[in-house]
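Enquirer: this one's structure only:
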């Protein structure tokens, strides 16, 4: 050990007493930090400056007419983009956009075609066409810019789709709301008309008996007929008002014949949302069974699953209510199958929600509970997928049929009222004749008796028609279904699910997030500079010194300089660049540890293999840049680098620095430190065992190579 320290002491003395050596050593300690600092500063916030990326936007939309209203969606898009500062939007004509993209003046262009609004307007047709946005990108300008511009174009498309769904739903629910208000406003008159007709029907037998006994009690018959005449006048007035209402309702349905046609796609859209939600819940329960997921990840997954299940149950309840109303409107059991499956779906969802709440409250839920929860989630997802698969063939036609039935309601009511209106003059005439007959005596009673059966038949038929109508359709249920809050309903269907973001280890900027990688890279570069500039051998070493004395003594010199490099770069990251570091002291200590290991590896390679070791250090550097997952996630890299990743020192060095930057999880840090200790021990054993034999048997090869004057 004394000889090792003697070599180290002589090296330090040489640095202190030789100003030239001191300058070079100082430069070697500072240079790696410049490499890290410049790269970190350059990547400080690249995605916060995307407003400088020029994207051409041109609008050729000619507009369209929808339900008598002029629309121009392209103009609305341009208006919204002028308030959007996320990218550098440049509003030009189509020719300028194309020319600018080709020549690199713009990174990309978005063109709104001439028929954009016209295609959107086809949504009310039998064969709607999907509108297109034309996106052109010049990929040779920059590798990253196309990804950013594509995100911008996708954002435009998503915003248009979201607003379109919200607007379409709003129109549908607004039509329903207006119809419900009109029906409710006139409901008292409708009920009064129904009551009067039933009253006539109930008193026809009595009137007939009075007429038959008119000879015996003419005065009593005259009173009854007068009463009937007064009621008939009221009936005539109510029929007139009700018929006007029926005509208004018929006209309303004619103008909005696409209402129920648009209801079916809306229901399908919500089923799709529900299917996506159940798929996510199934993934969450799969995660709970995973042995590799952390407890924190599982807790977050349970919370997310509960939130999504609450939303799913609300949608299931809404669809069950809708199908029940549709059943009532059709006076049939057409949707019994769907109601049964949705009720079963809702029960399963509630069971799944209860299980997740139970898991949420347990420190360590049993495997049986987790497997049961996973099986329920698979069943929920499978059942909903089955419903969605049958939608177009079975459910949508039934919704259309109910719509057709609803449209016939006012038509049938109008027919009934028309028949009643045609009948009332006859009834009035008959009653008038009856009154005159009573007045003039028995002479006209025979005439009244001959006409009265026709009156009875007409009124009885009208009453029966009304009763049949009430058996198949409940107008109050229709009103309850149609009268909804238009804004809330349309907004709910446009945004049925909200995303709540939770950042576990928040790092405020991209430069700070990249500092672990660039700092680690700088430390390896610093170690490589050391082995390139400083010799690992000593001339005129006394014969009584073992090669291992030289190996360890000179390593201490390299280690001292490497630790200086680490201290400069980590302190500069924190105090000069002001990078975000959650655990500053550990960031510095981990940097010292990483630098020591990197110096040990590169020093050992050169100490044993000479110049070949320098080449190996460069090769290791290249492999580790791509295979460590320092920039892109290792999962997106080729298979070769994914398999190489666990065996690279960079992998664990970057992981340690990230822990200090974002917040330390000590189980992760202990794993990385254990791997470091293992690598250090293996490297030391490798160096101590091979240093002597290679110097003994490889010296002749080295001297021969030096004679060429090409290799030193």
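Expert: Yes, it's here. Just so you know, these numbers come straight off a predicted model, no measurement behind them.

Enquirer: can you pull the contacts of residue 579?
Expert: 40, 511, 512, 515, 573, 661 (Cβ atoms under 8 Å, 6 or more residues apart in numbering). The C-beta positions use only the backbone N, C-alpha and C, and glycine is treated the same way.

Enquirer: how does it look with 7 Å?
Expert: 40, 511, 512, 515, 573 (Cβ atoms under 7 Å, 6 or more residues apart in numbering).

Enquirer: and for residue 642?
Expert: Applying Cβ under 7 Å, 6+ apart, we find residue 642 in contact with residue 634.

Enquirer: can you rerun that using 8 Å?
Expert: So residue 642 contacts 634, 635 (Cβ under 8 Å, 6+ apart).

Enquirer: any idea how far residue 627 is from it?
Expert: Residue 642 sits 8 Å away from residue 627, going by Cβ to Cβ, to the nearest Å.

Enquirer: next secondary structure after the helix or strand bottoming out on mean pLDDT in the chain?
Expert: One helix or strand of the chain scores below all others by mean pLDDT, DSSP states H and E: helix 486-494, with a mean of 51. Next helix or strand after helix 486-494 toward the C-terminus (DSSP states H and E): helix 510-533.

Enquirer: what packs against that following helix?
Expert: Applying 3 or more Cβ pairs under 8 Å, 6 or more residues apart in numbering; DSSP states H and E, we find helix 510-533 packed against helix 19-42, helix 547-571, helix 584-609, helix 611-627, helix 649-662.

Enquirer: pull out the buried positions in the second one.
Expert: Read that as helix 547-571. Neighbour counts over helix 547-571 (16 or more other Cβ atoms under 10 Å) mark 547, 549-555, 557-570 as buried.

Enquirer: mind giving me the packing neighbours of it?
Expert: helix 2-17, helix 19-42, helix 510-533, helix 584-609, helix 666-706.

Enquirer: looking at the ones you listed, which is nearest to residue 61?
Expert: The minimum distance between residue 61 and the helices and strands packed on helix 547-571 falls on helix 510-533, with 37.0 Å, by Cβ to Cβ.

Enquirer: report the angle between that closest one and helix 611-627.
Expert: Here helix 510-533 runs at an angle of 170 degrees relative to helix 611-627 (axes from the mean of the first three to the mean of the last three Cα atoms, to 10 degrees).

Enquirer: residue 97 is in what secondary structure piece?
Expert: helix 94-102.

Enquirer: just checking, what packs against whatever helix or strand comes next after that helix?
Expert: Using DSSP H and E, the helix or strand that directly follows helix 94-102 along the chain is strand 108-112. Packed against strand 108-112 by the contact rule (3+ Cβ pairs under 8 Å, 6+ apart) you find strand 54-59, helix 73-81, helix 94-102, strand 134-137, helix 145-185.

Enquirer: I'd say residue 651 and residue 628 touch.
Expert: Yes: assessed by Cβ atoms under 8 Å, residue 651 is found in contact with residue 628 at 5.0 Å.

Enquirer: which stretches in the stretch 251-400 of the chain count as helices?
Expert: 259-289, 295-330, 336-360, 367-389, 396-440 (DSSP state H, counting those that start in this stretch).

Enquirer: I'd like those as CSV, with mean pLDDT and mean neighbour count appended.
Expert: Output for those, formatted as CSV (pLDDT from 0 to 100; neighbours: other Cβ atoms under 10 Å):
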stretch, mean pLDDT, mean neighbour count
helix 259-289, 75, 19
helix 295-330, 81, 18
helix 336-360, 84, 17
helix 367-389, 82, 17
helix 396-440, 65, 18
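
Enquirer: closest to residue 590 out of these?
Expert: The nearest among the helices of the stretch 251-400 of the chain, by Cβ to Cβ, is helix 295-330 at 22.1 Å.

Enquirer: helices or strands next to that closest one in the packing?
Expert: Counting contacts by 3+ Cβ pairs under 8 Å, 6+ apart, helix 295-330 is packed against helix 259-289, helix 336-360, helix 396-440, helix 475-482.

Enquirer: neighbours of residue 59, how many?
Expert: Neighbour count for residue 59, taken as other Cβ atoms under 10 Å: 23.

Enquirer: start the count at 34 instead of 1 going forward.
Expert: All set: I'll call the first residue 34, so the last point we hit is now residue 92.

Enquirer: any idea what it is bridged to?
Expert: residue 145 (DSSP bridges).

Enquirer: how is this structure divided into domains?
Expert: Split into domains by automatic domain parsing, the chain comes to 35-74+544-739, 87-214, 215-291+442-526, 292-431.

Enquirer: nearest to residue 308, of the helices and strands packed on helix 580-604?
Expert: helix 543-566 (35.3 Å).

Enquirer: mind listing what's buried in that closest one?
Expert: Within helix 543-566, the residues that qualify as buried are 544-564, counting by 16+ other Cβ under 10 Å.

Enquirer: equivalent analysis for stretch 56-71, please.
Expert: 58, 61, 62, 64, 65, 66, 68, 69, 70.

Enquirer: and that stretch, average pLDDT?
Expert: Mean pLDDT, stretch 56-71: 80.

Enquirer: so how far is residue 414 from residue 319?
Expert: 11 Å.

Enquirer: do residue 306 as well
Expert: According to Cβ to Cβ, residue 306 and residue 414 sit 13 Å apart.

Enquirer: same question for residue 304.
Expert: 12 Å.

Enquirer: residue 313 and residue 341 touch, don't they?
Expert: Yes: here residue 313 reaches residue 341: they are 6.0 Å apart, a contact under Cβ under 8 Å.

Enquirer: what about residue 659, neighbour count?
Expert: Residue 659 has 19 neighbours, counted by other Cβ under 10 Å.

Enquirer: please list all residues in contact with it.
Expert: Residue 659 sits in contact with 670, 674, where contact means Cβ under 8 Å, 6+ apart.

Enquirer: over to residue 563?
Expert: By Cβ under 8 Å, 6+ apart, the contact set of residue 563 is 61, 591, 594, 595, 632, 635, 636.

Enquirer: need the contacts of residue 612 in JSON lines with distance to residue 46, can you?
Expert: Converted to JSON lines, the contacts of residue 612 look like this (distance: Cβ to Cβ, whole Å):
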{"residue": "73", "distance to residue 46": "36"}
{"residue": "544", "distance to residue 46": "41"}
{"residue": "545", "distance to residue 46": "41"}
{"residue": "548", "distance to residue 46": "36"}
{"residue": "606", "distance to residue 46": "32"}
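
Enquirer: where's the nearest residue to residue 562 once chain neighbours are set aside relative to residue 630, distance?
Expert: In space, and not counting its chain neighbours, residue 562 is closest to residue 61: 5.6 Å by Cβ to Cβ, 6 or more residues apart in numbering. Distance of residue 61 to residue 630, given as Cβ to Cβ: 18 Å.
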